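Next input, structure requested:
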Amino acid sequence: MIRTVALIPRKYWMVALVIVALAAAAELAMGRHPICACGTVKLFVSTVNGPDNSQHLADWYSPSHLIHGFLFYLVGWIVLRWRPPGERLILATAIEAAWEVLENSPIIIDRYRAATIALGYTGDSVLNSMCDIGFMMLGFGLARRLPLAASIAICVGFELLTLYVIRDNLTLNVLMLVAPNDAIRHWQAGG
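Just a heads-up that it's a prediction; the model follows:
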């Protein structure tokens with residue numbers, strides 16, 4: 001059952017959208033492709049180890065960004081509960097936007113190539129990166145409206161689904177970036 005909560009006022013959404021625009025501008029200034037270099041825009045790309053991954057509107061890593069929104073809402077609620085939800089949304093958007101810019105920098109792209117199975121990873125298109133921020137914002141909004149048990153079920157469900165389908169998820173992604181493990185890398189590669 002969805003809880004009835006007051007809408008976040010428009011002024012907070014406007015600030016959040018300015019942050020998204022600034023992140024897009026930063027990525028364009030870094031030389032990121034606005035859309036897939038293939039010249040098309042697809043709704044969903046299911047191939048994880050292909051050139052279209054992280055280039056279109058959504059892919060198998062989109063659920064991890066939705067989960068970011070759930071987690072940012074939870075942390076904001078615990079640490080900044082007395083602050084308006086709009087301020088927490090702005091902070092979450094700023095963190096996600098900063099991560100997207102950092103994630104598409106050479107240092108993180110090279111780290112993905114060295115520590116994970118993403119050997120051919122070249123970074124996100126700006127479109128995909130901004131959609132990732134949008135998925136985080138959607139997760140934040142859902143977490144605000146759904147009961148805690150439903151939020152947890154969605155997060156666990158997406159983690160298990162992506163683990164099963166692509167042998168990767170948010171948990172493994174973070175683990176492999178922070179403390180790479182050869183056994184996990186071998187399993188992810190299909191071994």
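
OK, contacts around residue 20?
93, 97, 130, 133-134 (C-beta atoms under 8 Å, 6 or more residues apart in numbering). The C-beta positions use only the backbone N, C-alpha and C, and glycine is treated the same way.

from those residues, which ones fall inside helices?
Using DSSP state H, 93, 97, 130, 133-134 are the members of those that sit in helices.

Of these - the most surrounded one?
Sorting these by how many neighbours each has (other C-beta atoms under 10 Å) puts residue 93 first, at 26 neighbours.

the helices in the chain, which residues?
Using DSSP H, the helices assigned to the chain run over residues 10-29, 62-79, 85-103, 106-115, 126-145, 148-166, 170-178, 182-188.

and the angle from the fifth one to helix 62-79?
Between helix 126-145 and helix 62-79, the angle comes out at 50 degrees (axes from the mean of the first three to the mean of the last three C-alpha atoms, to 10 degrees).

elements contacting helix 126-145?
Applying 3 or more C-beta pairs under 8 Å, 6 or more residues apart in numbering; DSSP states H and E, we find helix 126-145 packed against helix 10-29, strand 58-59, helix 62-79, helix 85-103, helix 148-166.

Please identify the pairing partners of the second one and their relative orientation?
Which is strand 58-59. Next to strand 58-59 in the sheet, as set by DSSP bridges, lie strand 44-45 (parallel).

Off-centre distance for the strand it pairs with?
Computed by C-alpha atoms, centre = their mean, to the nearest Å, the chain-centroid distance of strand 44-45 equals 15 Å.

and what of stretch 136-155?
Relative to the centre of its chain, stretch 136-155 is centred 14 Å away, using C-alpha atoms, centre = their mean.

Over to stretch 80-98?
15 Å.

Stretch 5-21 too?
On C-alpha atoms, centre = their mean, the centre of stretch 5-21 falls 18 Å from that of its chain.

Which positions in that stretch come out as buried?
Neighbour-count burial for stretch 5-21 flags 8, 12-13, 16, 19-20 (criterion: 16 or more other C-beta atoms under 10 Å).

Enumerate residues external to the helix or strand of the chain with the lowest mean pLDDT that contact any of its residues.
Lowest by mean pLDDT, DSSP states H and E among the helices and strands of the chain is helix 106-115, with a mean of 82. Residues from elsewhere that reach helix 106-115 (C-beta under 8 Å, 6+ apart): 102-103, 118-123, 176-177, 180.

Export the residues you listed to JSON lines and append columns for neighbour count and distance to residue 190.
Converted to JSON lines, the contacts of helix 106-115 look like this (neighbours: other C-beta atoms under 10 Å; distance: C-beta to C-beta, whole Å):
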{"residue": "102", "neighbour count": "11", "distance to residue 190": "29"}
{"residue": "103", "neighbour count": "19", "distance to residue 190": "25"}
{"residue": "118", "neighbour count": "20", "distance to residue 190": "14"}
{"residue": "119", "neighbour count": "10", "distance to residue 190": "13"}
{"residue": "120", "neighbour count": "10", "distance to residue 190": "15"}
{"residue": "121", "neighbour count": "17", "distance to residue 190": "17"}
{"residue": "122", "neighbour count": "17", "distance to residue 190": "22"}
{"residue": "123", "neighbour count": "21", "distance to residue 190": "24"}
{"residue": "176", "neighbour count": "20", "distance to residue 190": "16"}
{"residue": "177", "neighbour count": "15", "distance to residue 190": "20"}
{"residue": "180", "neighbour count": "13", "distance to residue 190": "17"}
